[in-house]
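Asker: what shape does this take:
(one chain, ligands or ions: 1)
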Amino acid sequence: VTFHRQVQALVLAPFLQDHPSVGTMFPADAVARARRLTAAFNGAIGAYTDSRGAAGIRQEVADFIHQRDGHAANPDNIFLTSGASAGVSYVLNAMIRDADDAVLVPIPQYPLYSATLQLLGGTLLPYYLKEDAEWGMDLDEIRRSILEARARGLKVRALVFINPGNPTGQCLSADNLQDLVKLAHDEGLVLLADEVYQTNIYQDEKPFLSAKKIMCDLGEPYANSVELVSFHTVSKGVLGECGLRGGYMELVNFHPETVAQLYKTASINLCPNTVGQVAVSLMVNPPKPEDESFELYAKETGDQLASLRRRAHVMTESFNSLEGVTCNFTEGAMYSFPQLHLPPKAIEAAKEAGKTPDTFYCLQLLEETGIVTVPGSGFGQVEGTFHLRTTILPREEKIQEFVKKFKVFHEGFMAQYGK
Ligand SMILES: Cc1ncc(COP(=O)(O)O)c(C=O)c1O
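Answerer: Sure thing, here's the model as predicted:
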């Protein structure tokens, strides 16, 4: 996005802000914004900041959340982080003492959660998303998992959910989210809301609703008691600035001592990187309609989002047109997660090759077409089902080629191992 990179350039090279020809290279609003950001870093982008990030940018995040949800946010409870992953690490690290501490994680899941829990020595409690209900959450399934864990003597401390989902691409409904907040309240669970794909929405029926909004709209006793952490990032959306490592987390309803302890933990790493902090500022506070750069910003981001929406449709439709493949629509995020109904002979051949059937399929796909996908077993899936995950990110002019190659491969595979 042009405006964002212009501001980054001017912040990193502050001498350009005062260069006599700056007006010929940069629009005035980019220069003004860079000056404000430079001041937010006390004139030194290369210096350490507060361990929670620069105060001015935390205030911008609080304003963004307030505007998005209609409920105020406290900048003291907002931590800027070097990507959402760093925030997830801080929170899980604060929560896990030993293998008795357990966290509910959706299956299929993005492996950040399983990997971090394993590293910290905690226990992952799986709850399965319902493929036949558009990968929605099944509250009975979550209760089952909690009961089973408590019967084993585990302390169930938190529940992770990813909305919109990776790898499943679903958007959670308001009903699902309300039920979840009530369950967290009744069971005394911390909610960890991974909302990094909140801008990536490709349908109008289920717009993104933040867990904070749902919780605050429910009123008492939920609004002032459920402990919630929500994570956001510059890595996704239409920015895709994943290498800049910018993100934030908002802590809601936590005891001030807990927030203070998290602050102390964050201070071990001194501060989130400053380029990432600038990227967060630009994400939450982009050009406004009255600004010089707005038209270009709106075109660049609007075109990108419209293209992703078209790609989400093409991907899902083409998977569903294949025999032996079923795929829920990619309502949000960046992924398709089709189920492969593999013939018994293929499953047998995979066993002989010492591979899971989905890995066997994905490796052959890679070898024959060059298309890289991730087998469903990398994310977890219901026993006896096989999936793969692919992104909807191939450029639009390439996506038809992708679809054609995939189709030829799949038909050949099914002919070889089918019937
Ligand atoms: C669901 C989910 N959460 C978190 C992350 C990590 O994001 P970040 O780059 O901000 O650390 C990803 C990255 O793919 C993701 O898919």
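
Asker: now residue 158: which helix or strand?
Answerer: Using DSSP states H and E, residue 158 sits in strand 155-162.

Asker: who in this protein is up against the ligand?
Answerer: Counting by C-beta under 6 Å from any ligand atom, the chain comes close to the ligand at 83-85, 110, 112, 162, 166, 194, 196, 233, 235, 242, 247. Any C-beta I mention is one placed from the backbone N, CA and C, and that applies to glycine too.

Asker: can you pull the buried residues of the strand holding residue 158?
Answerer: For strand 155-162, a neighbour-count test (16 or more other C-beta atoms under 10 Å) marks 156-162 as buried.

Asker: save those as TSV, and put in pLDDT too.
Answerer: Output for the buried residues of strand 155-162, formatted as TSV (pLDDT from 0 to 100):
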residue	pLDDT
156	97
157	97
158	98
159	97
160	97
161	96
162	96
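
Asker: any regions of the stretch 101-250 of the chain where pLDDT drops low?
Answerer: Applying pLDDT under 70 to the stretch 101-250 of the chain flags no residue at all.

Asker: what packs against the helix or strand in which residue 278 is found?
Answerer: When elements are assigned from DSSP H and E, residue 278 belongs to helix 274-284. If contacts are counted by 3 or more C-beta pairs under 8 Å, 6 or more residues apart in numbering; DSSP states H and E, helix 274-284 sits against helix 2-12, helix 28-40, helix 55-69, strand 78-81, strand 247-252.

Asker: pull out the buried residues from the next helix or strand after that helix.
Answerer: Tracing the chain past helix 274-284, the next element assigned as helix or strand by DSSP H and E is helix 294-320. Going by neighbour count (16+ other C-beta under 10 Å), the buried part of helix 294-320 is 297, 301, 304, 308-309, 311-312, 314-316, 318-319.

Asker: sorry, back to before: nearest to residue 351 among the residues of the chain next to the ligand?
Answerer: Of all those, residue 351 sits closest to residue 110, with 28.0 Å by C-beta to C-beta.

Asker: any idea which element the residue nearest to the closest one when sequence neighbours are not counted lies in?
Answerer: Counting by C-beta to C-beta, 6 or more residues apart in numbering, residue 166 is the residue found nearest to residue 110 once chain neighbours are left out, at 4.5 Å. In this assignment (DSSP H and E), residue 166 forms part of neither any helix nor any strand.

Asker: what's the answer for residue 45, then?
Answerer: Residue 45 belongs to no helix or strand, assigned by DSSP H and E.

Asker: now do it against the ligand, distance only.
Answerer: Noted for residue 45: a distance of 21 Å to the ligand, by C-beta to the nearest ligand atom, to the nearest Å.

Asker: list the residues that contact that residue.
Answerer: 11-12, 14, 38, 274-275, 278 (C-beta atoms under 8 Å, 6 or more residues apart in numbering).

Asker: I'd assumed residue 396 was in contact with residue 307.
Answerer: Yes: if you go by C-beta atoms under 8 Å, residue 307 and residue 396 touch, sitting 5.4 Å apart.

Asker: and of the buried residues of helix 294-320, the nearest to the ligand?
Answerer: If you rank these by distance to the ligand using C-beta to the nearest ligand atom, residue 308 comes first, at 15.0 Å.

Asker: in this structure that closest one contacts residue 334, no?
Answerer: Yes: Residue 308 is in contact with residue 334 according to C-beta under 8 Å; the separation is 7.5 Å.

Asker: between these two, what contacts are shared?
Answerer: 200, 392.

Asker: related to what we said a few turns ago, could you give the angle of the helix holding residue 278 to helix 294-320?
Answerer: 90 degrees (axes from the mean of the first three to the mean of the last three C-alpha atoms, to 10 degrees).

Asker: quick one: buried residues of stretch 114-133?
Answerer: Neighbour counts over stretch 114-133 (16+ other C-beta under 10 Å) mark 114, 116-117, 120, 122-125, 127-129, 131 as buried.

Asker: select only the buried ones of the contacts of residue 45 in PyMOL?
Answerer: Listed next is the PyMOL selection for buried residues among the contacts of residue 45, using 16+ other C-beta under 10 Å:
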select buried, resi 11+14+38+274+275+278
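
Asker: make CSV out of the contacts of residue 45 and add distance to residue 75.
Answerer: Below are these laid out as CSV (distance: C-beta to C-beta, whole Å):
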residue, distance to residue 75
11, 20
12, 25
14, 25
38, 20
274, 17
275, 21
278, 17
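
Asker: let's have the contacts of residue 45 in JSON lines, adding pLDDT.
Answerer: Output for these, formatted as JSON lines (pLDDT from 0 to 100):
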{"residue": "11", "pLDDT": "97"}
{"residue": "12", "pLDDT": "97"}
{"residue": "14", "pLDDT": "95"}
{"residue": "38", "pLDDT": "97"}
{"residue": "274", "pLDDT": "97"}
{"residue": "275", "pLDDT": "97"}
{"residue": "278", "pLDDT": "98"}
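
Asker: which of the contacts of residue 45 sits closest to residue 340?
Answerer: Nearest to residue 340 among the contacts of residue 45 is residue 275, at 40.8 Å by C-beta to C-beta.

Asker: could you give the number of residues near the nearest residue to that closest one once chain neighbours are set aside?
Answerer: Once flanking residues are discounted, residue 275 sits nearest to residue 244: 5.4 Å by C-beta to C-beta, 6+ apart. A count of nearby residues for residue 244, using other C-beta atoms under 10 Å, gives 22.

Asker: residues contacting the closest residue to the ligand within the stretch 251-400 of the chain?
Answerer: Distance from the ligand to each residue of the stretch 251-400 of the chain (C-beta to the nearest ligand atom) is smallest for residue 333, at 7.4 Å. Taking C-beta under 8 Å, 6+ apart as the criterion, residue 333 is in contact with 164-166, 168-169, 197, 200, 236.

Asker: so of those residues, which ones are in helices?
Answerer: Among these, no residue falls in helices (DSSP state H).

Asker: tell me which stretches of this structure form strands.
Answerer: Counting by DSSP state E, the chain has strands at residues 78-81, 101-107, 123-128, 155-162, 190-194, 228-233, 247-252, 325-326, 335-336, 339-340, 374-375, 388-391.

Asker: quick one: contacts for the residue nearest to residue 391 when sequence neighbours are not counted?
Answerer: Computed as C-beta to C-beta, 6+ apart, the closest residue to residue 391 that is not its neighbour in sequence is residue 334, at 5.2 Å. If you count contacts by C-beta under 8 Å, 6+ apart, residue 334 has them with 166, 169, 197, 200, 236, 308, 391-393.
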